[in-house]
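**Student:** task: produce atomic coordinates for the following.
(2 chains)
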Amino acid sequence: MKLEDVLQKHFNYSSFRIGQKEIISSILDGKHTIAMLPTGTGKSLCYQLPGYLLKGKIVIVSPLLSLMQDQVEQMMMNGEKRVIALNSFLSHEEKYQALHQLSKYKFIFLSPEMLRSDQVMNKLKEIGIDLFVIDEAHCISQWGYDFRPDYNKLGEIRERLGSPLTLALTATATPEVKDDIITSLKIGEWEEFIYSVDRPNISLIVESIRTYKEKTERLVELITSLEGPGIIYFSSKKLSEQMVSLFKERGFSKVAAYHGGLEQETRILIQQQFIQGQLDVICATSAFGMGINKDNIRYVIHFHMPLQLESYLQEIGRAGRDGKQSLALLLYSPGDEQLPNQLVEGELPSDAQLDWLYKWLMEHREALNNLSLFESEIKRVSGFTDNQWRMVEAFLQCNNGAHIEKTIDQLKKFINERMLIKLNKIQEMYRWTQLTECRRKKILNYFNEEKTIEMKNCCDCCGVDYSEFYSFITKEPSIKIESSFHWKNHLAEILLSERKNEE
DNA sequence: CGAGGCGGCACTACTGCCGCCTCGGTGCTGTAGT
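**Tutor:** Got it, this is the predicted structure:
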């Protein structure tokens, strides 16, 4: 049977989209495959279709519960009943049932953390896996080192599962990220399919704004005049909510905040409302975006810069999937790069904390065999945050048996390296905001690509024909600003008082 | 860097202001306790 026939039969499409056929053929030839496809080009088909041609099971490692649930739902809607998400949404009883009858499922979605369980691992070994898929595989590089250490154990997991055929899928494709994926998964030989990350219909603009206050004012101006829907990214949960309140005060009501501090239910609701068009603007942190399938997002604004260009590209890539002219706008004020620096510094443990840990471990050698027992005491005295401790704990477990002094030294070295890499990435992001030459060229070079096509409205450095560019911006604010009178007075007051201060 | 909370002080009786300090983003899981 030809691949096209399988496509028609199971998915009701008559032809493949870019890259899909090559990737699927590579897998069916039994080659480990790394596929870097731009967002929204149908990555999930790359493992779903082989599922109908391979005899055994397909295991898909996914980073987010909501993403898994979405995929499962979609596949069920498509008529595929042999699909399950093995995660904490299942009750104890349901999980027991699912594991007990795991062999009746064809597609099994789970998180990397779920693979820590011996029960799950034993069952997977027993039923046999034909294809091991890592969806959003850049998470290995982005989260595996510190935030979610289980991502960096996938290589070991893979080996314990008998090194099954493996497919890594992502949209973020620096050579560095690719290397991390290959090394971490312990794949010897592989085929790779890498497609351009360029999105010619998204104009890249950085606006330099003198002060923080003016940035807020500019944002209000933008949101009331730009054609939505749009996403605004912040690096603070509180600020994202405050901005929503401000927008609502100004009479702009189809807006909501989205961040990791909200209830799971609320998050799903807001996501749905945005996708269905009941909300026009989302004020979000980096928590928002993975798995958002909405093709008419007209703009992505960054109030704060992300911690790295990879994240920036992912976030702006959510605009203009319908191919229409869209806008990526970053608002920069002097000193903005300090916030990412602060975030990164708080992320990793300090040398002083590790020195304390060394002394403590020398006095409590037996603790190494059961660290979780001492977790609360260690955290209380050392001040490790949950995330810091998880990283340290994972490192100690990996090196259990080695000399304590040596282990701590290695850990310090590891942390210093990570810190340097992260600070470097912030610098790269910062330098990009300060460019005077083509922003697109620079970003493509960063992803090991050349800029090959010239386009209208490329970026602010190339020169944007604003009159044409702003043609999709409505001349009059599309929303009636109810309190505009007060707003203007208020603004005048602020400006006057500032001027007085300056004098 | 900027926001927000807190203590101290002023100088007037209840708040107002200054300076200092801290904090800021991403998610999974199992289990204890309400």
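**Student:** going forward, measure contacts and count neighbours with C-alpha atoms only.
**Tutor:** Will do.
**Student:** where's residue A:35, which helix or strand?
**Tutor:** strand A:33-36 (DSSP states H and E).
**Student:** packing partners for that strand?
**Tutor:** Helices and strands in packing contact with strand A:33-36 are listed as helix A:20-28, strand A:166-170, strand A:191-194; criterion 3 or more Cα pairs under 8 Å, 6 or more residues apart in numbering; DSSP states H and E.
**Student:** then stretch A:273-283 to CSV, C-alphas only?
**Tutor:** Coordinates of the C-alpha atoms in stretch A:273-283 are reproduced here as CSV (Å, rounded to 0.1, in the frame of the first residue of the first chain):
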residue,chain,number,x,y,z
GLN,A,273,-11.9,31.0,24.7
PHE,A,274,-8.9,32.5,22.9
ILE,A,275,-8.9,29.7,20.3
GLN,A,276,-12.6,30.2,19.7
GLY,A,277,-12.4,33.9,19.4
GLN,A,278,-14.2,34.9,22.6
LEU,A,279,-11.0,36.5,23.8
ASP,A,280,-9.0,38.8,21.6
VAL,A,281,-5.8,39.3,23.6
ILE,A,282,-3.9,37.1,26.0
CYS,A,283,-1.5,38.7,28.5
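**Student:** I'd like to know which of the helices and strands packed on strand A:33-36 lies nearest to DNA strand B.
**Tutor:** DNA strand B lies closest to strand A:166-170 among the helices and strands packed on strand A:33-36, at 16.1 Å (Cα to the nearest atom of the strand).
**Student:** and the average pLDDT for that closest one is what?
**Tutor:** The average pLDDT within strand A:166-170 is 97.
**Student:** what packs against it?
**Tutor:** Against strand A:166-170 (3+ Cα pairs under 8 Å, 6+ apart) you get strand A:33-36, strand A:129-134.
**Student:** quick check: angle from it to helix A:20-28?
**Tutor:** Strand A:166-170 runs at 150 degrees relative to helix A:20-28, counting by axes from the mean of the first three to the mean of the last three Cα atoms, to 10 degrees.
**Student:** strand A:166-170 pairs with which strands, parallel or anti?
**Tutor:** When sheet partners are counted by DSSP bridges, strand A:166-170 sits next to strand A:33-36 (parallel), strand A:129-134 (parallel).
**Student:** state the next helix or strand along the chain beyond it.
**Tutor:** helix A:175-185.
**Student:** now what about that following helix, what contacts it?
**Tutor:** Helix A:175-185 is contacted by residues A:137-138, A:140-141, A:152-156, A:158, A:168, A:447-448 when judged by Cα atoms under 8 Å, 6 or more residues apart in numbering.
**Student:** can you do 7 Å?
**Tutor:** A:137-138, A:140-141, A:152, A:154-155, A:447 (Cα atoms under 7 Å, 6 or more residues apart in numbering).
**Student:** so which of the residues you listed are in helices?
**Tutor:** Per DSSP state H, helices hold the following members of these: A:138, A:140-141, A:154-155.
**Student:** can you tell me the centre-most residue of chain A?
**Tutor:** Nearest to the mean C-alpha position of chain A, counting by Cα atoms, centre = their mean, stands residue A:290 at 5.6 Å.
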